[in-house]
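**Student:** build me a structure from this.
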Amino acid sequence: MRPISRRCLLRATASGVGLGGLAPLFLPAKTVFGTQANARLRVALVGVGGRGRWFVETIPRMEDVVALCDVNEVRIDEAFRFWEERASAWENSPQPWEREAAAIYRRHLKNRPKTFVDFRKMFAEMSDGIDAAVVATPDHTHAVASAAAIRAGKHVFCEKPLTRTVHESRALRDLARKFRVATAMGNQGTYSGPFRRAVELIRNGTLGEIREVYVWNDGGGADRDSPPQGQMPVPERLHWDLWLGPASWRPYHRDWMNRNAWRDFGTGQLGNWASHTANLAFMALEVYTLWESTEPPEKRLIRVRAECSRINRLSFPRWEKVFWEVPARGNWPPITIQWINGAAPGFEELVGPVIADAPTNQRNLWHFAGTLIVGTKGKIHTTGHNMWCRLLPTEQFAGVQCDRPETLPSSRGPEQDWFAACRGGPAPWSNFDYAAALNEFLMLGNIATQVNDAIEYDPVAMKIVNNTEADSLLRSQYREGWSL
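**Tutor:** Numbering: from 1, shown residues only. From the prediction side, this is the model:
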């Protein structure tokens, strides 16, 4: 019942054994042109601080890191320092996998990757020396960095959320199809055994007919009243203009870098957490198929409405409730997916009964984020990453295992599945065809909290058909010099 630990995941990565075993993946997606099977891939890391530290730590043990790019040169120094510290700490370890990792870090320190502050320059100068890129920048530059990599013919792994706007997600999907590169978004629960078992249980009718889904997070939004006031000196070695990227120019203030406080730079908890938590329902109930629907427009419209603490175009509301009314898809009936975030009315009434039997050491985790999928025969409850699940009521489903898939293939982990796709293998489950649809779906919630009325979205046409103002929020203006 406990989430996989960071140390266990690192050990599994080093030994080549992932979260769900070694079986190949399958999704109904196009096979990509691959890299030579036996060659080590040459990988560029775009963004090496924050979440990017995970890739600084793990990617060298899988493939060769040939370039580091970050708008803050201090973060690049920290990456090299991390390799040095880890190599020194592990080179005499009793654990074989740690000694092996230490040797790999030493090799990367000897053959130091080239360093850049601008990914555009990196792809221009190293076009023939990079096979794939990992993007772990702030939300507002995910799209431009990923698009630059794809246009340079590179495979791309982009951390969640895929993009800040609906239009950016659609653009990345279309670019990936055009250039036929291997892509993946980093919503890690997708690759766990319990996630795939939950997909099986939902699709094989164990829960009966499903019409209601609840997704929650108790974090809420920053709900800032005004932008940062005044101007601060730009920290040494931070390239502020590059950090802003496509966003409109403004003087430096450190508060702007708290990206999820501001709509210009972040996606709030819908992007930060629902990319994980809403993923199971979106995949298992095949909501993504609406993006390829051949039904008449009126039969594929997704209706979205929101209730929130207040409409705030600058920041994200303190609390919000978003309701997606999803039409029938194939043999699936219409469903309603409800997102409840922060101290919204009804939060405790929803979450309290679900977590009433939570173990003491899990209670805060269960309260913080989760999913409840309600069927006529039973329910399934997951924690925030969708990496663990249980069936309710527990006594009714005693003996039903929820740890590993029985019919669906297992996974070696998100990065390893992506690297396999780079070599010509099947597309990862969170490839951009799927991830773009999921992100469009979630970002509609961020639009709904900025308007007064329900919106109706045509996922094939990428258009809000009943509200011109809301439709304009599907995209944003880029500064000169930045494009997809």
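**Student:** how close does residue 227 get to residue 256?
**Tutor:** 8 Å (CB to CB, to the nearest Å). Quick note: C-beta positions are derived from backbone N, CA and C, even for glycine.
**Student:** need the residues touching each of these two.
**Tutor:** Residues within reach of residue 227 and of residue 256 at once, by CB atoms under 8 Å, 6 or more residues apart in numbering, are 250, 262.
**Student:** which one's more surrounded, these two?
**Tutor:** residue 256 (20 against 14; other CB atoms under 10 Å).
**Student:** from what I see, the more buried one and residue 231 are in contact.
**Tutor:** No: the criterion here is CB atoms under 8 Å, and residue 256 misses it with residue 231 at 10.9 Å.
**Student:** show me what contacts residue 147?
**Tutor:** Taking CB under 8 Å, 6+ apart, we find residue 147 in contact with 171-172, 175, 483-484.
**Student:** any of the residues you listed buried? List them.
**Tutor:** Buried subset of these (neighbour count, 16 or more other CB atoms under 10 Å): 171-172, 175, 484.
**Student:** would you turn those residues into JSON lines with secondary structure, distance to residue 385 and pLDDT?
**Tutor:** JSON lines is the format used below for the buried ones among the contacts of residue 147 (DSSP: H, G, I helix; E, B strand; the rest coil; distance: CB to CB, whole Å; pLDDT from 0 to 100):
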{"residue": "171", "secondary structure": "helix", "distance to residue 385": "27", "pLDDT": "98"}
{"residue": "172", "secondary structure": "helix", "distance to residue 385": "23", "pLDDT": "98"}
{"residue": "175", "secondary structure": "helix", "distance to residue 385": "28", "pLDDT": "98"}
{"residue": "484", "secondary structure": "coil", "distance to residue 385": "29", "pLDDT": "95"}
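**Student:** so which of these is the closest to residue 372?
**Tutor:** Nearest to residue 372 among the buried ones among the contacts of residue 147 is residue 172, at 30.6 Å by CB to CB.
**Student:** doesn't residue 60 lie inside a helix?
**Tutor:** Yes: counting by DSSP: H, G, I helix; E, B strand; the rest coil, residue 60 is part of a helix.
**Student:** which residues does it contact?
**Tutor:** Here residue 60 is in contact with 83, 104-105, 108 (criterion: CB under 8 Å, 6+ apart).
**Student:** which of the residues you listed tops the neighbour count?
**Tutor:** In terms of neighbours by other CB under 10 Å, those top out with residue 105 at 25 neighbours.
**Student:** in JSON lines: the contacts of residue 60, plus pLDDT.
**Tutor:** Below are these laid out as JSON lines (pLDDT from 0 to 100):
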{"residue": "83", "pLDDT": "98"}
{"residue": "104", "pLDDT": "98"}
{"residue": "105", "pLDDT": "98"}
{"residue": "108", "pLDDT": "98"}
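**Student:** and the furthest pair within those residues?
**Tutor:** Pairwise distances across the contacts of residue 60 (CB to CB) peak at 8.9 Å, for the pair 83 and 104.
**Student:** for the stretch 151-300 of the chain, which segments count as helices?
**Tutor:** Secondary structure of the stretch 151-300 of the chain (DSSP state H, counting those that start in this stretch): helices located at 166-179, 193-203, 240-244, 268-272, 274-277, 279-284, 297-300.
**Student:** which other residues reach the fifth one?
**Tutor:** Where contact means CB under 8 Å, 6+ apart, the residues beyond helix 274-277 that reach it are 160-162, 185, 187-189, 215-217, 339, 369-371, 382, 384-386, 438-439, 442, 445.
**Student:** centre-most residue in this structure?
**Tutor:** Residue closest to the mean C-alpha point of the chain, counted by CA atoms, centre = their mean, is residue 160 at 2.3 Å.
**Student:** quick check: it touching residue 185?
**Tutor:** Yes: checked against CB under 8 Å, the pair residue 160 and residue 185 is within contact range at 5.5 Å.
**Student:** between these two, which contacts overlap?
**Tutor:** Counting by CB under 8 Å, 6+ apart, the residues touching both residue 160 and residue 185 are 275, 435.
**Student:** how close does the residue nearest to the centre of the chain get to residue 444?
**Tutor:** From residue 160 across to residue 444, the span is 16 Å (CB to CB).
**Student:** likewise residue 435?
**Tutor:** Distance, residue 435 to residue 444, using CB to CB: 15 Å.
**Student:** please say which of these two ends up with more neighbours.
**Tutor:** Using other CB under 10 Å as the criterion, residue 435 and residue 444 rank with residue 435 on top: 30 against 24.
**Student:** isn't there a helix covering the more buried one?
**Tutor:** Yes: Residue 435 forms part of a helix when assessed by three-state DSSP.
**Student:** I figured it was touching residue 185, is that so?
**Tutor:** Yes: at 3.7 Å, residue 435 counts as touching residue 185 under the criterion of CB under 8 Å.
**Student:** need the residues touching each of those two.
**Tutor:** Residues touching both residue 435 and residue 185 (CB under 8 Å, 6+ apart) are 158, 160, 162.
**Student:** between those residues, which is closest to residue 51?
**Tutor:** residue 160 (9.3 Å).
**Student:** quick one: the closest residue to that closest one other than its chain neighbours from residue 186, how far?
**Tutor:** Spatially, and ignoring its direct neighbours in sequence, residue 160 is nearest to residue 275 (3.8 Å; CB to CB, 6 or more residues apart in numbering). Applying CB to CB, the value for residue 275 to residue 186 is 9 Å.
**Student:** any common contacting residues for these two?
**Tutor:** Overlap of the contact sets of residue 275 and residue 186 (by CB under 8 Å, 6+ apart) consists of residue 160.
**Student:** got a pLDDT number for residue 35?
**Tutor:** On the pLDDT scale, residue 35 is placed at 50.
**Student:** now swap in residue 421 and tell me
**Tutor:** Residue 421 carries a pLDDT value of 98.
**Student:** now do residue 161
**Tutor:** Looking at residue 161, the pLDDT reads 98.
**Student:** that one and residue 455: what is the separation?
**Tutor:** Per CB to CB, residue 161 is found 19 Å from residue 455.
**Student:** give the buried residues for stretch 235-252.
**Tutor:** Under the neighbour-count criterion of 16+ other CB under 10 Å, stretch 235-252 has 238, 240, 242-247, 252 buried.
**Student:** do stretch 459-471 as well
**Tutor:** Residues 459, 462, 464, 467, 470-471 are the ones in stretch 459-471 that count as buried (16+ other CB under 10 Å).
**Student:** and for stretch 469-479?
**Tutor:** In terms of neighbour count (16+ other CB under 10 Å), stretch 469-479 has its buried residues at 470-471, 473-474, 476, 478.
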